[in-house]
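Participant: need a structure here:
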Amino acid sequence: MIQTKKFIKNLHIKMKCFLFDIDGTLTEPRQPMDSEFAIWFENWVSERNVYLISGSDLPKIQEQIPSKILNKCKGVFSCMGNEFWIDNKNVYKNQLEIPEEVENFLESKIVNSDFEHRKPPHFEYRTGMLNFSIVGRGASQSLRLYYSEWDEMRQERYEIAKEFNKLFNKKYDIEALAGGQISLDIQGIGKDKGQAIDHLDYDNYVFFGDKCTPSGNDFALYKRVEEKWHVQDYKQTFSILKNKYV
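Facilitator: A predicted model of the protein is given here:
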C-alpha cells in the first residue's frame, strides 16, 4: 500500500507543471536569486516539471537564476514567451515590428513625464517585443526603487498602458502591459506569457507571478491556469512552496 501511494504521488508530480515568473516572484527585480532560496529551489526543481517565463531576454535571466537551476528546469520562456529555450537551444522565436507612430507616442511620454530623473536607454527591443521605460534601463537599483515607489503613487505606467491600448490595440494588434519594476512590455496581442501553455502538454499547471492584475504582464498566463498564486515577492513564493508543494 505504501509503495502504491508513493507511485501515485510520483506520477502526480510528473503530470503537474509548475510555471514561474522571475522578477518579483523568484527574485527581487533584476537581482540575483536569494542564496538560501536558490539552494532549496535547486533541490525542489530536480523532482518536478518546472518552466520559467519572463519578459527579460535569456542573458538577463542567466544573470539572475543560477545555472544549476536553469539546467534542471524543463525549459525557459523569455521575452514574454516570444522565445522558448530547452537545454540552451532555441525552440522558436516570434518577431514584431514596431510602427513609427507607436515609437513617437512613447517618445512623447518620455518628454512629458513629471519624473525628472532619466537614465537611457528607454527602448529595449527584444525578440517579439519592446520593453519601454520612462526612467530608463540604465537606472541604478536605487533609482529603479525610487521610480517604482513614485509610480506606485502616480500610476504613470498604468495610465500610459491604458492610453496606448486604446490607440493601438485594434490599429496594430499590439498591447502594452506593466512589467517588472519600471517598465512596460509591448507585444502582439496573444503573444504574451499566456502563449507558453500552447507549447506544453501537461494535465495541470501551477503558476506563480506578481503582475497578475489585468494591466500586468502575468495576467494572460494567470487567467489560463486554474491553480495559481499571485505573490508579493520571492519570500512569499518560498513560503508557499515549502508549505504546499513538498
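Participant: And the residue nearest the centre of the chain, what's its pLDDT?
Facilitator: In the chain, the centroid-proximal residue (Cα atoms, centre = their mean) is residue 54; its distance is 3.2 Å. pLDDT, residue 54: 93.
Participant: Excluding covalently adjacent residues, which one is nearest to it?
Facilitator: residue 22 (4.3 Å; Cβ to Cβ, 6 or more residues apart in numbering). Just so you know, the C-beta spots here come from the backbone N, C-alpha and C atoms, and that holds for glycine as well.
Participant: OK, contacts around the one you found?
Facilitator: By Cβ atoms under 8 Å, 6 or more residues apart in numbering, the contact list for residue 22 reads 52-54, 56, 61, 64-65.
Participant: Of all the residues in the host helix or strand of residue 36, which ones are buried?
Facilitator: Under the criterion of DSSP states H and E, residue 36 resides in helix 35-45. Within helix 35-45, the residues scored as buried using 16 or more other Cβ atoms under 10 Å are 37-38, 41, 44-45.
Participant: now stretch 148-165
Facilitator: Here stretch 148-165 shows 148, 151, 156-158, 160-161, 164-165 as buried, counting by 16+ other Cβ under 10 Å.
Participant: Cross those residues against helices and list the overlap.
Facilitator: Judged by DSSP state H, the subset of the buried residues of stretch 148-165 located in helices is 148, 151, 156-158, 160-161, 164-165.
Participant: Closest one to residue 221 out of those residues, please.
Facilitator: Nearest to residue 221 out of these is residue 161 (Cβ to Cβ; 17.4 Å).
Participant: Is the nearest residue to that closest one once chain neighbours are set aside part of a helix or strand, or is it coil?
Facilitator: Excluding the flanking residues, the one nearest residue 161 by Cβ to Cβ, 6+ apart is residue 176, at 4.4 Å. With DSSP: H, G, I helix; E, B strand; the rest coil as the basis, residue 176 sits in strand.
Participant: For residue 176, give its distance to residue 163.
Facilitator: Relative to residue 163, residue 176 is positioned 9 Å away (Cβ to Cβ, to the nearest Å).
Participant: ok, back up a step: which residues sit in contact with the residue nearest to the centre of the chain?
Facilitator: Counting by Cβ under 8 Å, 6+ apart, residue 54 has contacts 21-23, 60-61, 76-80.
Participant: pLDDT score assigned to residue 240?
Facilitator: The confidence metric pLDDT takes the value 97 at residue 240.
Participant: Please apply the same query to residue 71.
Facilitator: 95.
Participant: which of the residues in the strand or helix carrying it are buried?
Facilitator: Per DSSP H and E: residue 71 is located in helix 67-72. Neighbour-count burial for helix 67-72, counted by 16+ other Cβ under 10 Å, picks out 69-70, 72.
Participant: Cool, thanks, signing off.
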